[in-house]
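A.B. asks: Predicted model and sequence below, questions to follow.
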Amino acid sequence: MTSPATDAYTTRQSSASPTPDFTVTVTASTQTVSTRRMTSDSTTSGDYSYSDSGAGTGGSSGGMGDGNTGGTGGSGNGNGGVGGGNGNGNGNGNGNAGGTGSGTHSGSGGQSQRPNILVFICDDLGRADLSYTEGNIWTPTPHIDKLAWDGIILNRFYTNPICTPTRAAFMTGKYPFRTGMQTASISQGEPWGVPLEFKFQPQYFKDLGYQTYHVGKWHLGEYTRQYFPNARSFDYSYGFTGGAANWWNYTEGWITPVPVSGRDVRENGKRILANDTNNAYYPDLINHKAEQIIRNQDPSKPFYMYYATPLVRSASNGFGDAQASVPQFQLRPSALSFSEQFPERKRQLALIQALDDTFMRITEAVVNKGIANNTILVFFADNGAPVPKAGTFVRGSNYGVNWPLRQGKGTLFEGGTRVNAFIWSPLLKKRGRITNQLFHSTDWLPTLYEAAGGNLHDLAAEKLDGFSHWKSFQSGLNYGPRKELVSNIDQISNQYAMIYEDQYGGLYKLLGGNVLNNVFTGWFAPPGTNAEDTDEAPNWKTWTPISINCNFPEGTEVSPCVPWKADCLFDLTNDPCEKNNIAESYPAMLRLLQSKIKAYNVTSYPAVITGYDPASQPELWEGWWVPWKDPQPFDEGVTTNPLIPVESF
Ligand SMILES: [Ca+2]
């Protein structure tokens, strides 16, 4: 590969600065905000301004107006100030023109613009693999930590244990067992997806006047174009339709029933040809695209972006290849110094560094655009990390760490379903705090809809399973509207769990059915640390305010749980690591939750999973995965190289 675009990319990769060369010049006051951390007892409201003065500071190269008087030039994004609620003027100046824009900010109480929504979803991120959680010294994630501590950390955030169901729950606001998505993730060549009768989240925001963007992974259906992101309410889409791609040639593979592999990268549903992506590192490729979108956004219109990074998917890419990262991350001290004895874990540490960089770049794009004051960012993982003893795990793959939570991806134990999440926005009145309120991935839809100024009554007809936590977030109180959640009910593989909060605030969890292949139900300690070997390894973590304290010896079962033989019950409040099965000693609670699960099960939508269709084989489609059941499976392709500086377009 010697095309000019490849050379340009290589040069940029090797430069000292990771900042793309088309990034706008940042004013000094903007830089200030990017390193600012709020104190945990902040009670001010809406005062996240870029400078202490109220004067606008429109820059000569795309700076922003800000403060109470609005900017003159640049994309002014003034804030109503303390107590000013949503007084949020919007300058319409053209940032690139330099100093000639006319800010139209009207100050406190002025015409408010709906907040931008930026959803950042990680793939297979272990709960202990961010430094804001367990303080793991091997996985420093300073950029993620910064906004986590400055926002509201959701310490009891739950998802489904695998990709497709969680993403479906997020998009529809409904439990996967109510949309037929409860059983599996979609493999390439399988003709199924989230049934078209279910409305996706971006449509709600389009109804409120938003422009909607999808970048990165999809994994919600691909066999006809009706299941592609554009058909499901995204104005623009760039990424891959499946679950896990090779990060240099954009192929995805599947092993069963026959090993097949094909290319999968699309813009607005059209193939992006090989000479256009030049084998750039996939996480970088989509970073560039997201940065372009944010940079080019018309500041007078709110946007909703679903940014689904392929990071840090720790298992193989589905075709047996373990995910690896590029040298700039492999050579970070945290990865470099890790023992060669554990190459899979060492690779994973590099991926986590790449994740933190990705997050930094996306958030900097928002800050550089001058819209951070009016943006809501949510961060969460789609499921826990897979652990090597899980039975279906491919040896040689990377792995993440959920320790000391039990088990991991693919199981309904806490390691598979209790994952990292936070919300950050200057629009949050009480932030810089942690909440233990139960929060499920279905809750984002109504929560963000209300945050955007939508009327919750408009959602009533949709019969969502999600609850809006927006009022709770704004109240500063540590409890929310949700008192129970269903982790999943999967009738085909026989797997179910739910969590219930009793009248005293205690959390109880029922768990039953199979655990993958029923070969391992325990805890997986991070290798190379003293969580596994107390004699030689260094301390693997420092404590943070949300580190998990098991209350029992880590990694040791107190009272056995064999869920395929009998339902288990855990007191999650006092036993977050699920070490002590109390099913026998709390029969009334056990019966209550069993009756609840039965009642939920009656409302299930039959699973829509369908097996592999050989007609999808990439060999039949010039080496591509295509929407093979669509009237027009093949398209002419598109040229959309995001590695060329945006000024060239
Ligand atoms: Ca996942």
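C.D. replies: Thanks, I have the structure now.
A.B. asks: Run the chain-centre distance for stretch 251-267.
C.D. replies: Distance of stretch 251-267 from the chain centroid (CA atoms, centre = their mean, to the nearest Å) equals 23 Å.
A.B. asks: pull the CA atoms of it into PDB?
C.D. replies: Below are the C-alpha coordinates for stretch 251-267, written out as PDB (Å, rounded to 0.1, in the frame of the first residue of the first chain):
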ATOM      1  CA  THR A 251     -13.100  -8.400   7.500                       C
ATOM      2  CA  GLU A 252     -15.400 -10.200   9.800                       C
ATOM      3  CA  GLY A 253     -15.400 -13.900  10.100                       C
ATOM      4  CA  TRP A 254     -17.500 -16.700  11.600                       C
ATOM      5  CA  ILE A 255     -16.400 -20.100  12.400                       C
ATOM      6  CA  THR A 256     -19.500 -22.200  12.500                       C
ATOM      7  CA  PRO A 257     -20.800 -24.000  10.600                       C
ATOM      8  CA  VAL A 258     -18.100 -23.200   8.000                       C
ATOM      9  CA  PRO A 259     -15.200 -20.800   8.300                       C
ATOM     10  CA  VAL A 260     -16.000 -17.800   6.300                       C
ATOM     11  CA  SER A 261     -14.700 -14.300   6.200                       C
ATOM     12  CA  GLY A 262     -15.700 -11.100   4.400                       C
ATOM     13  CA  ARG A 263     -15.200  -7.400   4.400                       C
ATOM     14  CA  ASP A 264     -17.700  -5.200   6.200                       C
ATOM     15  CA  VAL A 265     -17.300  -1.400   6.400                       C
ATOM     16  CA  ARG A 266     -20.000   0.900   5.100                       C
ATOM     17  CA  GLU A 267     -21.000   4.500   4.800                       C
END
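A.B. asks: burial measure for the closest residue to the ion within the stretch 101-250 of the chain, as a count.
C.D. replies: Residue nearest to the ion within the stretch 101-250 of the chain (CB to the ion): Cys163, separated by 3.7 Å. For the C-beta atoms, the positions are set from N, CA and C on the backbone; glycine is no exception. By the measure other CB atoms under 10 Å, the count of residues near Cys163 is 26.
A.B. asks: mind checking the end-to-end distance for stretch 214-230?
C.D. replies: 9 Å (CA to CA, to the nearest Å).
A.B. asks: Leu147: what's it in contact with?
C.D. replies: Neighbouring residues of Leu147 by CB atoms under 8 Å, 6 or more residues apart in numbering: 363, 377, 379, 422, 424.
A.B. asks: Could you do Gly189 as well?
C.D. replies: By CB under 8 Å, 6+ apart, the contact set of Gly189 is 254, 260, 612-614, 616-617, 625.
A.B. asks: quick one: what helix or strand has it in it?
C.D. replies: Under the criterion DSSP states H and E, no helix or strand holds Gly189.
A.B. asks: show me where pLDDT drops low in the stretch 451-600 of the chain?
C.D. replies: Applying pLDDT under 70 to the stretch 451-600 of the chain flags the ranges 530, 532-538.
A.B. asks: Tell me which residue of it lies closest to the ion.
C.D. replies: For the stretch 451-600 of the chain, CB to the ion, closest residue to the ion: Asn488, 14.2 Å.
A.B. asks: Any idea how many residues pack against that residue?
C.D. replies: 26.
A.B. asks: in stretch 222-234, what's buried?
C.D. replies: By 16 or more other CB atoms under 10 Å, the buried positions in stretch 222-234 come out as 222-225, 227-230, 232-234.
A.B. asks: give me the number of residues near the residue lying closest to Tyr605 once chain neighbours are set aside?
C.D. replies: Once flanking residues are discounted, Tyr605 sits nearest to Gly180: 4.6 Å by CB to CB, 6 or more residues apart in numbering. By other CB under 10 Å, 20 other residues sit near Gly180.
A.B. asks: which residues does Gly180 contact?
C.D. replies: Taking CB under 8 Å, 6+ apart, one finds 194-195, 605-608 in contact with Gly180.
A.B. asks: per-residue confidence for the residue in the stretch 301-450 of the chain positioned nearest to the ion?
C.D. replies: The ion sits closest to Asp382 of the stretch 301-450 of the chain, with a gap of 4.2 Å, by CB to the ion. You'll see Asp382 listed with a pLDDT of 98.
A.B. asks: Just give the nearest non-adjacent residue to it, would you?
C.D. replies: Thr166 (4.4 Å).
A.B. asks: thought the one you found was touching Thr172?
C.D. replies: No: shown here, Thr166 and Thr172 do not form a contact pair, counting by CB atoms under 8 Å, at 11.2 Å.
A.B. asks: out of these two, which sits in the busier spot?
C.D. replies: Each of Thr166 and Thr172 has its neighbours counted (other CB under 10 Å); Thr166 has more, 29 against 26.
A.B. asks: Can you tell me the element the more buried one falls in?
C.D. replies: helix 163-172.
A.B. asks: Provide the contact partners of stretch 327-340 at residue level.
C.D. replies: Taking CB under 8 Å, 6+ apart as the rule, stretch 327-340 contacts 13, 18, 137-140, 324, 345-347, 349-351, 353-354, 357, 528.
A.B. asks: low-confidence ranges in the protein?
C.D. replies: For the chain, the stretches with pLDDT under 70 are 1-111, 255-258, 318-320, 390-395, 530, 532-538, 641-649.
A.B. asks: what about the residue most central in space within it, is that helix, strand or coil?
C.D. replies: In the chain, the centroid-proximal residue (CA atoms, centre = their mean) is Ile121; its distance is 1.1 Å. Taking DSSP: H, G, I helix; E, B strand; the rest coil as the rule, one finds Ile121 in the strand state.
A.B. asks: and the chain, which residues reach the ion?
C.D. replies: Within the chain, the residues that sit near the ion (CB under 5 Å from the ion) are 123-124, 163, 382-383.
A.B. asks: wait, which of those is closest to Lys509?
C.D. replies: Nearest to Lys509, judged by CB to CB, of those is Asn383 at 16.8 Å.
A.B. asks: who's in contact with the closest one?
C.D. replies: With CB under 8 Å, 6+ apart, Asn383 has these contacts: 124, 159-163, 166, 409-410, 416-417, 419.
A.B. asks: Next: Gly415.
C.D. replies: 126-127, 384-385, 387, 402-403, 405-409, 523-524.
A.B. asks: secondary structure element for the closest residue to Thr521 other than its chain neighbours?
C.D. replies: Among residues not flanking Thr521 along the chain, Val515 sits closest, at 5.0 Å (CB to CB, 6+ apart). For Val515, there is no enclosing helix or strand under DSSP H and E.
A.B. asks: wouldn't Val515 be in contact with Val562 here?
C.D. replies: No: Val515 lies out of contact with Val562 (CB under 8 Å); the separation is 9.1 Å.
A.B. asks: tell me, what's touching those two both at once?
C.D. replies: Going by CB under 8 Å, 6+ apart, residues that sit against Val515 and also against Val562 are Thr521.
A.B. asks: Neighbour count for these two, which is higher?
C.D. replies: Taking other CB under 10 Å, Val515 and Val562 do not tie; Val515 has more neighbours (25 against 11).
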